[in-house]
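In: What follows is a predicted structure for the sequence shown.
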Amino acid sequence: MRHYEDAFNMLCGKFIGQGIHRKVFECKIRPDLVVKVESDDNRSFANIFEMQFWDANQHYKEINKWLAPCEYLSPDGMILLQRKCSPVPFDYKLPAKLPEFLTDCKRDNFGIMDGKLVSVDYASTIINPSAKLKKADWF
């Protein structure tokens with residue numbers, strides 16, 4: 001067994017889901033986090049973009065209130081640890097408006113954190129964000 005496989009097995013628990021570029025797992029070490037693992041086959045730097053966006057905006061309340069916090073990025077950007085959120089319940093009333101910077105508005109890209117709707121996948125956001133609300137185009 002390779003050492004990175006051993007480390008992966010120590011860190012990653014149950015598979016939660018996946019998108020185009022990443023797979024998401026429960027974190028065995030900290031149950032309040034998820035582990036986002038980027039694919040080697042189709043490198044998009046999604047983890048890096050997400051961490052950079054969080055770092056740049058974590059102190060701006062009008063922006064950060066819409067985001068699940070990122071806590072750690074591996075040196076190569078392949079692994080991101082992010083705050084774990086609950087899935088959005090099927091009967092949850094999605095808001096009619098969202099901030100302009102949230103561009104990938106599908107239910108799976110959001111979660112519930114501390115009773116509020118937040119984005120859990122914001123790697124495809126507008127770099128210079130505006131908190132101005134726009135009509136949400138849910139798909």
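Out: Perfect, I can see it now. Residues are numbered from 1 along each chain as shown.
In: so residue 87 makes contact with residue 112?
Out: Yes: applying CB atoms under 8 Å, one finds residue 87 in contact with residue 112, separated by 7.5 Å. Backbone N, C-alpha and C define where each C-beta goes, glycine included.
In: those helices in this protein, which residues are they?
Out: 3-11, 46-57, 61-64 (DSSP state H).
In: quick one, strands of the chain?
Out: 12-18, 22-27, 33-38, 70-73, 79-83, 86-87, 97-99, 110-113, 116-119, 133-135 (DSSP state E).
In: Generate a markdown table for these, with mean pLDDT, distance to residue 5 and mean neighbour count as supplementary columns.
Out: Listed next are the strands of the chain as a markdown table, based on pLDDT from 0 to 100; distance: least, CB to CB, whole Å; neighbours: other CB atoms under 10 Å:
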| stretch | mean pLDDT | distance to residue 5 | mean neighbour count |
| --- | --- | --- | --- |
| strand 12-18 | 95 | 10 | 13 |
| strand 22-27 | 96 | 14 | 18 |
| strand 33-38 | 97 | 12 | 23 |
| strand 70-73 | 98 | 20 | 17 |
| strand 79-83 | 97 | 13 | 22 |
| strand 86-87 | 96 | 28 | 12 |
| strand 97-99 | 94 | 39 | 17 |
| strand 110-113 | 98 | 28 | 20 |
| strand 116-119 | 98 | 31 | 18 |
| strand 133-135 | 89 | 44 | 11 |
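In: mind putting those strands in a markdown table, distance to residue 50 included?
Out: Converted to a markdown table, the strands of the chain look like this (distance: least, CB to CB, whole Å):
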| stretch | distance to residue 50 |
| --- | --- |
| strand 12-18 | 15 |
| strand 22-27 | 9 |
| strand 33-38 | 8 |
| strand 70-73 | 6 |
| strand 79-83 | 6 |
| strand 86-87 | 19 |
| strand 97-99 | 16 |
| strand 110-113 | 14 |
| strand 116-119 | 10 |
| strand 133-135 | 21 |
